[in-house]
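1. Provided below are the primary sequence and the corresponding predicted coordinates.
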Amino acid sequence: MKMSPKTIRLKELPFLNEQTCKIKNPEKLEIQLNELVSGGPAKLQIVSDFDHTITKQRTSNGTACATSFEIFSSCKSLPSNYTSESKKLFNKYHPIEIDPSIPLKEKVNHMIEWWSKTNDILVGFAFDGKELDDVAIKYKDCLRDRSDEFFEILDKLDVPVLVFSAGLGHSVESVLKQANVYNDRVKVISNFLQTKDGLVNGFKHPIIHTFNKNETVLVESDYSSLVHDRDNIILMGDSLGDADMANGVPSSSNIVKIGFLFHHVNENLEKYMDTFDIVLIDDQTMNVPIGLLNLIKN
Ligand SMILES: Nc1ccn([C@@H]2O[C@H](COP(=O)(O)O)[C@@H](O)[C@H]2O)c(=O)n1
Ligand SMILES: [Mg+2]
């Protein structure tokens, strides 16, 4: 006998009823979730940011987790002027990046300036991918709690994952590799270094920064052609700009957006709730994405 599918009710899902989980429009989310479930794994794809989304925003003792650029900077062979300049840039621009009082247009200009100054200092030295792989071993535990389980479920269900990062692609790939979660279903679109005469010569184009993660930078990749029949999307990010990461998909797509909120929680909460379907406050786990996958899997 064929069973009729049971409607999923948000109030019956403990992982969406925690104090730290905020949902602006539960009715809309309930409809979206039921569509995700009825589409099953075959219709699903994941689009996720890397820094502070696949990795944690803070460790258990409260310190910030290194970004992919910071992981690169811990390679001992890099010239000290690169590492010191890069640190200075981080100290200047990161507070701007997370400041809720700065209007978006102004912030975008600062971010373009940050990434182009970073591009300018990434010139004229050798880069050893093997050294980065070795360094990345130290950072594999920066991944959110239960990340291994999250990637294992996706792998078993054959669900493709786009990791869309404005960070440094080489570090993203190294950390995913060292954590044993990088496989054929995972594609990284990010900033990769180019070389000239064997030395680093800035980023390959287009440069991806926090606020241009959309179809304009995806257009040159073959990603959309690979997943065009998967119109159910779970999108995950920690920055408001991450919510645009699936902008290039057809308008008929059903996208559930999860936002990990950590900085300036009170000032940001309303904007995050307007932008993401599910907002998770200081949640350093993959509990909610895994909860959704388990519904879809079953
Ligand atoms: N020179 C830089 C530029 C940016 N960052 C940080 O990287 C993050 C971008 O990576 P996502 O995976 O989150 O897109 C961004 O939020 C910046 O804070 C950096 O550390 N150094
Ligand atoms: Mg991020």
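-> That came through fine. Ligands and ions are numbered 1, 2, ... in the order given.
2. going forward, measure contacts between C-alpha atoms and count neighbours the same way
-> Fine.
3. Ramachandran coordinates for residue 279?
-> Main-chain dihedrals, residue 279, degrees, to the nearest 10: phi -110, psi 130.
4. Based on its surroundings, how many neighbours for it?
-> Look at residue 279: counted by other Cα atoms under 10 Å, it has 27 neighbours.
5. Next: residue 134.
-> Residue 134: 14 neighbours (other Cα under 10 Å).
6. ditto for residue 228
-> 12.
7. and if you look at residue 59?
-> Count around residue 59 with other Cα under 10 Å applied: 16.
8. For ligand 1, see how far away it is.
-> Applying Cα to the nearest ligand atom, to the nearest Å, the value for residue 59 to ligand 1 is 16 Å.
9. give me every residue that touches the residue nearest to that residue when sequence neighbours are not counted.
-> Spatially, and ignoring its direct neighbours in sequence, residue 59 is nearest to residue 65 (6.3 Å; Cα to Cα, 6 or more residues apart in numbering). Going by Cα atoms under 8 Å, 6 or more residues apart in numbering, residue 65 touches 52, 55-59, 142.
10. quick one: low-confidence parts of this structure?
-> Along the chain, segments meeting pLDDT under 70 span 1-4, 220.
11. where along it do the helices fall?
-> 26-39, 68-73, 80-98, 104-121, 129-137, 147-157, 169-178, 215-218, 223-226, 265-275, 287-297 (DSSP state H).
12. I'd like these as a markdown table, with distance to ligand 1 appended.
-> As requested, those are arranged in a markdown table below (distance: least, Cα to the nearest ligand atom, whole Å):
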| stretch | distance to ligand 1 |
| --- | --- |
| helix 26-39 | 25 |
| helix 68-73 | 5 |
| helix 80-98 | 6 |
| helix 104-121 | 5 |
| helix 129-137 | 15 |
| helix 147-157 | 16 |
| helix 169-178 | 8 |
| helix 215-218 | 13 |
| helix 223-226 | 17 |
| helix 265-275 | 16 |
| helix 287-297 | 18 |
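13. Distance to residue 243 added to the ones you listed, as a markdown table?
-> A markdown table is the format used below for the helices of the chain (distance: least, Cα to Cα, whole Å):
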| stretch | distance to residue 243 |
| --- | --- |
| helix 26-39 | 16 |
| helix 68-73 | 20 |
| helix 80-98 | 15 |
| helix 104-121 | 14 |
| helix 129-137 | 27 |
| helix 147-157 | 20 |
| helix 169-178 | 20 |
| helix 215-218 | 12 |
| helix 223-226 | 17 |
| helix 265-275 | 7 |
| helix 287-297 | 16 |
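14. Now do stretch 259-277: distance from first to last residue.
-> 8 Å (Cα to Cα, to the nearest Å).
15. typed the wrong thing, it's stretch 63-83
-> End-to-end distance of stretch 63-83: 20 Å, with Cα to Cα as the criterion.
16. repeat for stretch 14-30
-> Stretch 14-30: ends 14 Å apart by Cα to Cα.
17. Could you check how far that stretch is from the centre of its chain?
-> Taking Cα atoms, centre = their mean, to the nearest Å, one finds stretch 14-30 lying 21 Å from the centre of the chain it belongs to.
18. Repeat that for stretch 223-239.
-> Worked out by Cα atoms, centre = their mean, stretch 223-239 lies 12 Å from the chain centre.
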